[in-house]
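*Asks:* Compute the structure for the input listed below.
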Amino acid sequence: MMNTELWDKIIQFDFDNPPSEYGFSTRLAKENYWTKDFTAKAILEYKKFMYLASTSEFMVSPSETIDIVWHQHLIFTQSYQEFCNLSGKQIQHIPSTHNKKDFSKFKQAKERTIKFYENTFGTQPSDIWELEGMYESLNLDKAKLKIRTFIIIGILSFILLTTPFYLLLKPIYITINNPDFLLYFIGLVVTIVIILEIYNKDKLKIITRSFDKNSFIYSLQPFELVYLQTQQLSNVINGAVNELIDNETIKVNTDNTVKLVIRGEAKSPEQLQVTTTLSEIGKTAYPTLLTHLLRKPIFWNIVNAMDAFKKYSIKSKKFGNLFYLNFGILSIFLMLGSIRLVTGILREKPVTQIAIIVIALTVFMIYYLNRLTKIICTHTIPNLYKTEILPTREIENDWQWNYFLFGSAVLTTTFVPLVNYANRNNNDGGSSCGSSSSSSCGSSCSSCGGCGSD
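*Replies:* Prediction:
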């Protein structure tokens, strides 16, 4: 039977008290590249685990994610001791030795933990208890060949194939007049790019649909999506500041400076960081405040998590195959244009127009492939929210969601000139254990044996 009195105390325990710029939750998210929601969920499951450890008479086993939270809590020694005092037991962390004798003990502890958890709290969330990390829910196998390595191989192959392609195409090229070739070539390139654009967006949509339905991607916060879509951290900060202007915590002065009017009115960690920073520096021009806030961990956690998602995605086998296809097709057209240019030079024909086209195609290819590595962030995921996720939610009166959907159009009128001025004058960087107890970590845990109590 559940000890509701103890559980109420555990659930109300605040790991971020007293509030600080680099508190427990902020540090946990930063060091593990976790999203805001996943961090909160991991902390909640850690509390459940610690309740089990406090009330069980046997060893209980944390998952990889919970063990990460546990390690973090152990660093905050005063908070950890207060938590143990609250639970009534000194819960110890036991490292796993990975010997054969301990293996069966850890396995049994894991099985008992699952049953104890299900009897107390219901089914364990798979993203916290079964997967080894937040990003595993994306179901993306890592590509064997890095994109950078592929590009190098591609460039070398392009150089080596130039002569064979020249010998193959020269007899054909000398029979085609230049104006006709240019028209056909440009028309074909434009057609292929349009086809690629449609194919890429469809393929990326298919990739996102392979994510687990309980993946962190389906529980992103509005500000995380604002950064994902715009790749500008300043846009996130603009949103946090605008909310404080709306509720008259911050005032925009006639000289285009901002000042703190009311203290203690922050409703989120982001707002608290804004008010704390503004109280420290006093009345100031908005670009100055923005510069200070761009350095704060609470905002950089958004950059870290979203950029980590982008890197994880583009390093995957699925995205790699898509990139290779685009690179290969565009390289073929670049080869066709280059051979035409070489043919004209060797035959002493006018080559100015084809030279311009080849240079333009090269620049476009670089831009297009670079854009392809970002499109899952700037288009695919935001569009998933706009077309599928948000229509099922009640968000009409939620300003942050409206800010994600409509951007600067929902900013307070008096704040817009300050944002525009700051955008012209700022570049943000986000363009983007003891052993006196009796619990264990299962075989999937690399460093933790488990927990117990004195």
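*Asks:* Distance from the chain centre to the one helix or strand residue 72 maps to, please.
*Replies:* Using DSSP states H and E, the element containing residue 72 is helix 64-75. For helix 64-75, the gap between its own C-alpha mean and the chain's C-alpha mean amounts to 21 Å (C-alpha atoms, centre = their mean, to the nearest Å).
*Asks:* same thing with stretch 315-322?
*Replies:* 17 Å.
*Asks:* which of the residues in that stretch are buried?
*Replies:* For stretch 315-322, burial by neighbour count (16 or more other C-beta atoms under 10 Å) applies to 316, 318-320, 322. (C-beta placed from N, C-alpha, C; glycine too.)
*Asks:* I'd like to know which of these is nearest to residue 251.
*Replies:* In terms of C-beta to C-beta, no member of these lies closer to residue 251 than residue 319, at 46.4 Å.
*Asks:* Quick check: that closest one vs residue 312, distance?
*Replies:* 10 Å (C-beta to C-beta, to the nearest Å).
*Asks:* intersection of neighbour lists for those two?
*Replies:* residue 140 (C-beta atoms under 8 Å, 6 or more residues apart in numbering).
*Asks:* sorry, back to before: how about a markdown table for the buried residues of stretch 315-322, with secondary structure added?
*Replies:* A markdown table is the format used below for these (DSSP: H, G, I helix; E, B strand; the rest coil):
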| residue | secondary structure |
| --- | --- |
| 316 | strand |
| 318 | helix |
| 319 | helix |
| 320 | helix |
| 322 | helix |
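*Asks:* Once you drop chain neighbours, what's closest to residue 292?
*Replies:* residue 277 (5.2 Å; C-beta to C-beta, 6 or more residues apart in numbering).
*Asks:* That neighbour: neighbouring residues, count only.
*Replies:* 17 (other C-beta atoms under 10 Å).
*Asks:* same check, this time on residue 359
*Replies:* Using other C-beta under 10 Å, residue 359 has 12 other residues around it.
*Asks:* Buried residues of the helix holding residue 72, list them for me.
*Replies:* For helix 64-75, a neighbour-count test (16+ other C-beta under 10 Å) marks 64-73 as buried.
*Asks:* Likewise for stretch 299-314?
*Replies:* 299-310, 312-314.
*Asks:* any idea which of the residues you listed is closest to residue 119?
*Replies:* Using C-beta to C-beta, the buried residues of stretch 299-314 come closest to residue 119 at residue 305, 33.7 Å.
*Asks:* May I ask you to confirm that the closest one belongs to a helix?
*Replies:* Yes. Judged by three-state DSSP, residue 305 forms part of a helix.
*Asks:* That one and residue 34 touch, don't they?
*Replies:* Yes. With contacts counted by C-beta atoms under 8 Å, residue 305 reaches residue 34, the gap being 6.1 Å.
*Asks:* Specify the local secondary structure of residue 367.
*Replies:* With three-state DSSP as the basis, residue 367 sits in helix.
*Asks:* Could you report the distance from it to residue 155?
*Replies:* 17 Å.
*Asks:* List the residues that contact the most centrally placed residue in the chain.
*Replies:* Nearest residue to the geometric centre of the chain (C-alpha atoms, centre = their mean): residue 306, 2.0 Å. When contacts are counted by C-beta under 8 Å, 6+ apart, residue 306 is found next to 224, 227-228, 377.
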